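Colleague: how does the following fold in three dimensions:
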Amino acid sequence: MTGDIVVQLRDGTYRLSSPFQLGPQDSGTGGHTVVYQAYPGEHPVFSGAQQISGFTQVDAAKNIWKAPAPAGAQGLQLYVNGQRADRTRSALNPTGFTKTAAGFTTADPSYTGWRNASDVQIVARNAWKHLRCPLSGITAAGGGSSLNVAQPCWSNTKTSPTPGFPFNGNGTIGINSISWLENAYELLSAPGQFYLDRTGGIDGSGTPELYYIPRGGENLATADVELPTLETLVSATGTPGHLAPVNDSDAGASYTGSWAVSPNRGNGDLNNDVHYTTANDASVTYTFTGTGLDVLSETNTDEGAFDVYVDGVRTSSSANSSTRLAQQVIASVTGLAKGTHTVKLVKTAGTYLLVDAFTVVPDVIAPVHDIAFRGVTFSYATWLQPGGPDGYADNQAGVLWAGSATRVVRTPGAVSVHRGQRISITGGQVSHVGGNAVDLADGTQDSTVSGNSIYDASGGGVSVGEVDDYYLTDTARMTTGDTVQDNAVFNIGREYEDAVGIFVGNSRNVTLAHNEIAHTPYSGISLGWGWGWASPGVTQHGTIYSGANQILGNSIHDTMRTLNDGGAIYTLGGQGNGNGTTTSVVSGNYLSTSSGSQGEAQGLYHDEGSSYWNTYNNVVSQIGHRWTQEWIDTIHDITIHDNYTDTPNYLNNGTNVTITNTTLVTNGTWPQGAKDIVAQAGLESGYRALMPPTADLLNDGDYGALTAPATISYTGSWTVDPPHSYGELSVRSYGDLSADVHDTKTNGDSVTVAFTGTGIRALGELSSDQGQLAVTLDGSAAGTVDTSTTGARRAQAVIYQSANLPYGSHTLTLTKNSGTYATIDAFQLDRSVNDDDPSLVYNGSWGPLANRGFGDFKNDVHFTPFNGDSVTATFNGTGADVVTETNSDEGTITVYVDGQSRGTVSANAATRTAQQRVYTIDNLPYGVHTIKLVKTSGQYLLVDRLTYR
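Modeller: From the prediction side, this is the model:
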C-alpha cells in the first residue's frame, strides 16, 4: 500500500447474517492503515439483530402480544425502541426452595406444569459472583416440584472449581440459594417482559413465537423491535488464535524410560500433577501439528540438564534454579514450518526431570494489523453460551468455568480482536450487546479503544488480555502496548452482574486513561490475574509476565451497586519482577460513591497477590467500606502515597506495603489539590459529550464541596451508621448507597439540603422502625412523608420527591416527627442542561440567541424558523422535561421518545413567558433515552433547557 485505504460507510443499518471477518490478508501494509469510517455527518450501524413485526394481542387481560420469531433464535435479549426488555422472571429471593444434589426442591407442585422447562434458568447472587444455570427439567417430588439443574453448569456452580493459583483463589462460593427464576412463559406478567417460545408449543403452532407485554407509550405496530441473533459483529482475527496449555497426561505425549506420575503435590502444577523421572536417558516425546511448542515444568535446585531434540536436531537446556517455580517454560520451539513435528526431551543430569504441560502453537504468528474503525456504531449482538448447558458458571469478573473439564472461558466481545496489532476502534458506539462490548484478546498488541460510548452490555465494557497465558516468555505472543482512553463506559453488567467496566488480564504496558465509568453492579476497573501466584513464600508459586501497566486520570463512580467484595479500581495478582523497572501505576483517578450489597466495597483495592504498584494522587470519596484495602501478606511491595479521601477506613496487612501522606477530608473541606485531580479526571475536553447527562447523586455524607451543586447539613443528634473509624469496622449490609446512612432517634432532628436546580429526591429506608418526616420546601411547610412499612427493609427508597420547581436555589428540610428512627441515605438532584449542552444535537438551520433579556436559562436559546428542523437530546435516566419560551409566535412541536412518536405539543401562548415546561416524560425504564423535537408549525421553535431525572 502506498497510502491508507479508506472505506466510507454511509448512513443506515447494516444487518449482518455473519460476523464481519478480517484477517491478516485484510490488513494495512507499508505503514498504512485500512480504515472503515462513517461518512462525514452520517451514522452507520452494524447490527446483529433481526427485526420483529406482525404482533397481535393474544391475552387482553395481561396485555400479552406475540409475533413470529426467526427459526433457531434463542431469545436471550430483546430491545424495543432501543430499550432493553426483560426476560420473564420471578420475584427476588423466592422462598420455599431447598438445595439438593440435583438442584432445588419446593413443596409447590405448580412448577411441574411449566412448559419448556429446559429454557428456565435459576439465577444466584453470591458475594462477588453472579451465577446462572439452565434446568434439565422439572419433575414431581414428594407432592412438590424438583427443579433439576443441567450439567455441567450445576457441577461448576454448586461449589465452584478450585484449581487454585493462578486460576482462582478461595472460589468455592457457588449457588446456595435462588435469587430468582428466569425465562418461563408462566412468569410473563409485567410491562417490558418478553418470552421466546423456541418450539411454538405455547400456542401449538410448532413455529417459534415471541411474546411481549408492551410498556406505556409503546405501539407494537410501529415500534422498532430487535431480536439479536448474531454473537459477534466484527471479528478481526490473526493466527494462531487462542493458546492454552494441556496437561502432561495429554495423548500427544509419549514417555520412555522410568517415569512416574506425582499428583496432589500442592506446588501449583497444572491440573495438580506432573510426570517425573530420576533416570538419565529417560525421555518424553511430544508429536504435534503446528509451528511451535512450549514445554512447561517446575524449575528447582533438584532439577538438572536435558537435551532437546526438535525433529531430531539436538540442543541442550536446564531446569535448575535457586527456588522452586511452577509452570515454567523449560523448552520453547518457535518458527517451525507449519506441519507435523516432534519435540523430545532427554534427561542428562540432576536429580529430577519433571514435565507438567505442553502448549502447541498451531499456526504461524501472523497478527491481523493496521485496521481502524472510526465513528461506527455496533449494536444488537447476543451471546449464546449462558443459554446452554454450560450456563454462566462465574469465577470472577466475567471469567467463567465451562465443560466437564472446567475450561477457563472469558466473556466474548461483540467487537472482537484476536491476535491483533495496531487495531483501533475510535469515535464510535457499542451498545445493546449480550456479552462484553469490545475484546482485545489473544496477545493483541499496540491497539487502541478510544473516544467511544459503551453502554447497555449484558457483560462488561472493554476487556484486554487473557487469564491463562501467564507463563509466556515469548513476547510476540503477549498482550502488550494497548490503550483504552477517553471512553464513556456505563450501564454495563445488565445481565451478568460480575462484569466490570474495563477488565485487563495478563498484560504489559497497557494504559487505561481518562475513561469515565459509571453505574456498574461490580467493580469499575479490574486489572490483573493470578491471586498470589507470583508472590514469594506461597507454595503454589510461579511467574507472570504482567507489568508496567498504568491506570491514569479515570473518573469512576456509582460502582458496586449489586455485588460485593470489589472496588472502583481493583487489582489482582503480580505486576513487575521486583527490579524496579516494571512498576505499575494508579494515579490521578477520582473514585466516588461505591456501595456493595453487604457494604464490602473498596475504593482502591489491591487484592490478593497484587505487587509493585505505585498508587498516588487519587481522590477517593464516599466509599462503602475502605478507601484502600490490602488484606493479606501475599500483597507486597506497593507504595500508596499522597492520596485524598473522606473515608478514613483502610486495611493494610500487606508485605512491604506503605501508606503515607494521606489527606483525610472532613465536612467536605476538600483542598485545592484534590479539586484539581477531580477537574482533570475522566473524559478529556472533546469527549465529555460521550457520557449522557444523569441526575446528580449525593451520598448522605457528601457535603457537596467537591463536585455537586448542593450542600447537606444536619441539626441534632444524627449519627453515621456504620460510624467511620480507623482499623476494623462494622459493615452495614442493607444495600445503602456507599453502605452508610445518617440516622437519628430524636424527634425534632432535621436535615437540610440547599441545592440549585428544579427537583430533588430524598432516598432513605422504608422499614417498620421508621416513622413520619415533616417536609419544609423553600421555607414553607409541604406536608409529611411516612417512611414506615411492613415486610422487609427497603434500601435506597425514594422517601420524598419534588419536581418542576422553577430553576434556581432551593432548600429542602426533613424533620423527624415519629418512629424509632429517621434514616437519610442520599439525595438525587434533577440535572438541567442548557440549550448548548453536548447532549443536544441540532439538525437544520438552527441559530443561537443570547442576552435577550427575557429570563432565558443562562440568558440564551437556540431557535429555528423552519418546519422540519429538529433537535435530539440524549440522557441517561428515567424521565425528562423540555423547557422553552411560550409566545404568540411559537407553534406546534412533534415529539419522539426513543424513536416512537408521542404526538404533538404546543408552545403557542398569548404572551411571552420564559422557561415553560412544554413536554414531560416519566417512568421510562432506566437507561439511555432520546427525545426528538421537530418543528411543525408557528413562526419559531425555541429550545432553552432540558431537565433530566
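
Colleague: what is the neighbour count of Gly12?
Modeller: For Gly12, the count of nearby residues is 10 (other C-beta atoms under 10 Å). No exception for glycine: its C-beta is placed from N, CA and C like everyone else's.

Colleague: was I right about it contacting Ser47?
Modeller: No: judged on C-beta atoms under 8 Å, Gly12 makes no contact with Ser47 at a distance of 10.0 Å.

Colleague: pLDDT weak spots in the stretch 101-250 of the chain?
Modeller: Applying pLDDT under 70 to the predicted model, the residue ranges of the stretch 101-250 of the chain that meet it are 171.

Colleague: strands of that one, residue ranges please.
Modeller: Using DSSP state E, counting those that start in this stretch, the strands found in the stretch 101-250 of the chain span residues 103-106, 121-126, 129-141, 144-149, 180-182, 193-197, 209-212, 225-228, 234-237, 246-247.

Colleague: nearest to His641, out of the ones you listed?
Modeller: strand 129-141 (33.2 Å; C-beta to C-beta).

Colleague: pLDDT value on Gly28, please?
Modeller: According to the prediction, Gly28 has pLDDT 98.

Colleague: list the contacts for it?
Modeller: Applying C-beta atoms under 8 Å, 6 or more residues apart in numbering, one finds that Gly28 lies in contact with 1, 4-5, 34, 369-371, 422.

Colleague: using JSON lines, lay out the residues you listed together with secondary structure and pLDDT.
Modeller: What follows is the contacts of Gly28, written out as JSON lines (DSSP: H, G, I helix; E, B strand; the rest coil; pLDDT from 0 to 100):
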{"residue": "Met1", "secondary structure": "coil", "pLDDT": "94"}
{"residue": "Asp4", "secondary structure": "coil", "pLDDT": "98"}
{"residue": "Ile5", "secondary structure": "strand", "pLDDT": "98"}
{"residue": "Val34", "secondary structure": "strand", "pLDDT": "98"}
{"residue": "His369", "secondary structure": "strand", "pLDDT": "98"}
{"residue": "Asp370", "secondary structure": "strand", "pLDDT": "98"}
{"residue": "Ile371", "secondary structure": "strand", "pLDDT": "98"}
{"residue": "Arg422", "secondary structure": "strand", "pLDDT": "98"}
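
Colleague: any idea which of those residues is closest to Tyr948?
Modeller: When those are compared for distance to Tyr948, the smallest value, 37.0 Å, is given by Ile371; criterion: C-beta to C-beta.

Colleague: quick check: that closest one touching Ser27?
Modeller: Yes: shown here, Ile371 and Ser27 form a contact pair, counting by C-beta under 8 Å, at 6.1 Å.

Colleague: any residues in contact with both of these two?
Modeller: When contacts are counted by C-beta under 8 Å, 6+ apart, Ile371 and Ser27 have Val34 as shared neighbours.

Colleague: in this structure, which ranges drop under the pLDDT threshold?
Modeller: The chain contains residues with pLDDT under 70 at 171, 577-581, 599, 703-705, 707-708, 723-732.

Colleague: top helix in it by residue count?
Modeller: If you go by DSSP state H, the chain has its longest helix at helix 672-680.

Colleague: which strands and helices lie in contact with it?
Modeller: Judged by 3 or more C-beta pairs under 8 Å, 6 or more residues apart in numbering; DSSP states H and E, the packing partners of helix 672-680 are strand 619-623, strand 644-645.

Colleague: got TSV for the ones you listed, with mean neighbour count too?
Modeller: What follows is the helices and strands packed on helix 672-680, written out as TSV (neighbours: other C-beta atoms under 10 Å):
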stretch	mean neighbour count
strand 619-623	29
strand 644-645	24
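
Colleague: Arg793 is nearest to which of those?
Modeller: Closest to Arg793 of the helices and strands packed on helix 672-680 is strand 619-623 (C-beta to C-beta; 21.3 Å).

Colleague: export the closest one as PDB, just CAs?
Modeller: What follows is the C-alpha trace of strand 619-623 in PDB, where atoms were taken according to Å, rounded to 0.1, in the frame of the first residue of the first chain:
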ATOM      1  CA  VAL A 619      -9.200  11.200  45.200                       C
ATOM      2  CA  VAL A 620     -11.500   8.600  46.900                       C
ATOM      3  CA  SER A 621     -14.900   9.800  48.200                       C
ATOM      4  CA  GLN A 622     -18.000   8.200  49.700                       C
ATOM      5  CA  ILE A 623     -16.900   4.600  49.600                       C
END
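
Colleague: thank you kindly, that will do.
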